[in-house]
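Enquirer: Give the three-dimensional model of this entry:
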Amino acid sequence: MTWIKTFGQGEASGRLARAYEAAVKRAGRVFGIVRAMSQEPAVLDASMALYQRVMYAPGGLARWQRELLATVTSRANACHY
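Expert: Below is the predicted model:
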């Protein structure tokens, strides 16, 4: 299994601290998938922006359907996120 050095909330400053604060506001905590990108806060911000665009886009699938597809895809890929 791959090991990635991550930064905890207590270690975060600047852009990463703001990203973590947004994660807590959005999801109630900082999940591992967010911490996995903590080495590169710009990548984390871009990833979260893409996620929000996909999940909250107008039209097409309902939000719950998008979440269901994400869950099924994660399960099929043996990803616990």
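
Enquirer: What strand or helix carries C79?
Expert: Using DSSP states H and E, C79 sits within no helix or strand.

Enquirer: Next one: it, what pLDDT does it get?
Expert: Per-residue confidence (pLDDT) for C79: 84.

Enquirer: do T2 as well
Expert: 62.

Enquirer: Low-confidence regions, the chain specifically.
Expert: Low-confidence segments of the chain (pLDDT under 70): 1-2, 81.

Enquirer: Let me see the ranges of the helices in it.
Expert: 14-27, 32-35, 41-55, 63-76 (DSSP state H).

Enquirer: At the geometric centre of the chain, which residue sits there?
Expert: The structure's the chain has its C-alpha centroid closest to V34; by CA atoms, centre = their mean the separation is 4.5 Å.

Enquirer: quick one: the residue nearest to D45 when sequence neighbours are not counted and Q9, what's the gap?
Expert: Residue nearest to D45 in three dimensions, not counting chain neighbours: A19, with 6.0 Å by CB to CB, 6 or more residues apart in numbering. (Glycine included, C-beta is placed from N, CA and C.) Distance of A19 to Q9, given as CB to CB, to the nearest Å: 11 Å.

Enquirer: If you count surrounding residues, which of those two has more?
Expert: A19 (20 against 15; other CB atoms under 10 Å).

Enquirer: so which of the helices of the chain gets nearest K5?
Expert: Ranking those by proximity to K5 (CB to CB) places helix 32-35 first, at 10.0 Å.

Enquirer: which parts of that closest one are buried?
Expert: V34, R35 (16 or more other CB atoms under 10 Å).

Enquirer: and that helix, what other elements does it pack with?
Expert: Where contact means 3 or more CB pairs under 8 Å, 6 or more residues apart in numbering; DSSP states H and E, helix 32-35 is packed against helix 14-27.
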